[in-house]
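A.B. asks: need a structure here:
(one chain, ligands or ions: 2)
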Amino acid sequence: MKLFSDYHTHPQGHRVQPYTQTLLQPWVDSARERGFTDIAFTDHDRYHEGIDFDEIEKLRAANPDIKIRAGLELDNDPVHSIAGKRWIEKNWDRLDFVLGSVHFLDRVDQMFDSVPVGAEQFTGRDLDEIYANYFRRIREIADTGLVDCLAHLDLIKIHGHRPKSPIADLVAETIDFIAERGLAIELSTAGWRKPVNELYPSDEIVRLAMEKEIRFTTASDAHSHVQLGENYERLAEKMAQLGIGNVCVFERHQSQLCAV
Ligand SMILES: [Zn+2]
Ligand SMILES: [Zn+2]
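C.D. replies: Ligands and ions are numbered 1, 2, ... in the order given. Here you go, the predicted model:
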């Protein structure tokens, strides 16, 4: 199996850094070194001010051997995502790919996936309820009509908290929802560098998604070009075990399956 794409990357990292060739070219170099032919930039919507489509065009012209997709990660940030949604609506036709994600539960001042501090949001709570709350928010993001693919679908497990009820029961409605809307799900190696130390999503969720013929992208959630394609050998093994023989790519929100 030869994986060739990374559809979750953050060239700006954790702050606004305007797109320039200097910022972006190392990501393309990194892709080429790894033998990738297709990458998507998916900075957080709260840093949309840094995104410059003309710079992406320049980068494409300078690197015709690599497909470079203009993307974004829209989350449920109670402060910033209203502006993020508006920006997506305005730029929809210039974007190839939008990820939807949930980083916020009931607290507006802290992402639950902050390591380690976000774990305090789970202390003394009913984990089934937290999982249900999280997946409800995933359905809300999926329902905006502004996303093509769900990022790190079971991020709620990040600190290692497991629900009492079977995960299949907790996720079933969400999987149906995603399938009905024709959205994709990413296979994210980021979970392997977090306390839970597990692929996002879990094998069980992947199998449920496969039953509904949901498509998958491959992703590292790299916040540095060095992290691009991290743990992809392990991901390829996992996909072979699960029987996934193709990967989904996007151009102007149209998906296409490619054999790997
Ligand atoms: Zn995320
Ligand atoms: Zn991300």
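
A.B. asks: C-alpha coordinates for stretch 54-71, CSV please?
C.D. replies: What follows is stretch 54-71, C-alpha atoms only, in CSV (Å, rounded to 0.1, in the frame of the first residue of the first chain):
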residue,chain,number,x,y,z
ASP,A,54,-3.0,34.0,-4.6
GLU,A,55,-0.1,32.6,-2.6
ILE,A,56,-1.5,29.1,-3.0
GLU,A,57,-1.8,29.7,-6.7
LYS,A,58,1.8,30.7,-6.9
LEU,A,59,2.8,27.6,-4.9
ARG,A,60,0.8,25.4,-7.3
ALA,A,61,2.5,27.0,-10.3
ALA,A,62,6.0,26.4,-8.8
ASN,A,63,5.2,22.8,-7.8
PRO,A,64,3.1,21.2,-10.6
ASP,A,65,4.0,17.7,-9.5
ILE,A,66,2.0,18.0,-6.2
LYS,A,67,-1.7,18.7,-6.0
ILE,A,68,-2.1,21.4,-3.4
ARG,A,69,-5.6,21.9,-2.0
ALA,A,70,-6.9,25.0,-0.4
GLY,A,71,-8.7,24.0,2.8
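
A.B. asks: averaged pLDDT, stretch 152-159. What do you get?
C.D. replies: Averaging pLDDT along stretch 152-159 gives 98.

A.B. asks: that should have said stretch 36-52, apologies.
C.D. replies: Mean predicted confidence for stretch 36-52 is 98.

A.B. asks: just the closest residue of the stretch 151-260 of the chain to ligand 2, please.
C.D. replies: Relative to ligand 2, the nearest point of the stretch 151-260 of the chain is Asp221 (4.5 Å; CB to the ion). Quick note: C-beta positions are derived from backbone N, CA and C, even for glycine.

A.B. asks: so how far is Glu213 from Ile56?
C.D. replies: 31 Å (CB to CB, to the nearest Å).

A.B. asks: picking that back up, look up the pLDDT of the residue of the stretch 151-260 of the chain closest to ligand 2 for me, please.
C.D. replies: Residue-level pLDDT assigned to Asp221 equals 98.

A.B. asks: the residue nearest to it when sequence neighbours are not counted: what's it in contact with?
C.D. replies: Nearest non-adjacent residue to Asp221, counting by CB to CB, 6 or more residues apart in numbering: Ala190, 3.8 Å away. Ala190 sits next to His8, His152, Tyr200, Ala219, Ser220, Asp221, Glu230 when contact means CB atoms under 8 Å, 6 or more residues apart in numbering.

A.B. asks: next, give me the two most distant ones among those.
C.D. replies: Pairwise distances across the contacts of Ala190 (CB to CB) peak at 13.8 Å, for the pair His152 and Glu230.

A.B. asks: the more surrounded of the two?
C.D. replies: His152 (27 against 19; other CB atoms under 10 Å).

A.B. asks: that one sits in which helix or strand?
C.D. replies: Assigned by DSSP states H and E, His152 belongs to neither a helix nor a strand.

A.B. asks: that one contacts Ser220, correct?
C.D. replies: No. With contact defined as CB atoms under 8 Å, His152 does not count as touching Ser220 (11.0 Å).

A.B. asks: who touches both of those two?
C.D. replies: The contact lists of His152 and Ser220 share Ser188, Ala190, where a contact means CB under 8 Å, 6+ apart.

A.B. asks: what about the nearest residue to Ser255 once chain neighbours are set aside, how many residues nearby?
C.D. replies: Spatial nearest neighbour of Ser255, chain neighbours left out: Cys248 (5.0 Å); criterion: CB to CB, 6+ apart. By other CB under 10 Å, 21 other residues sit near Cys248.
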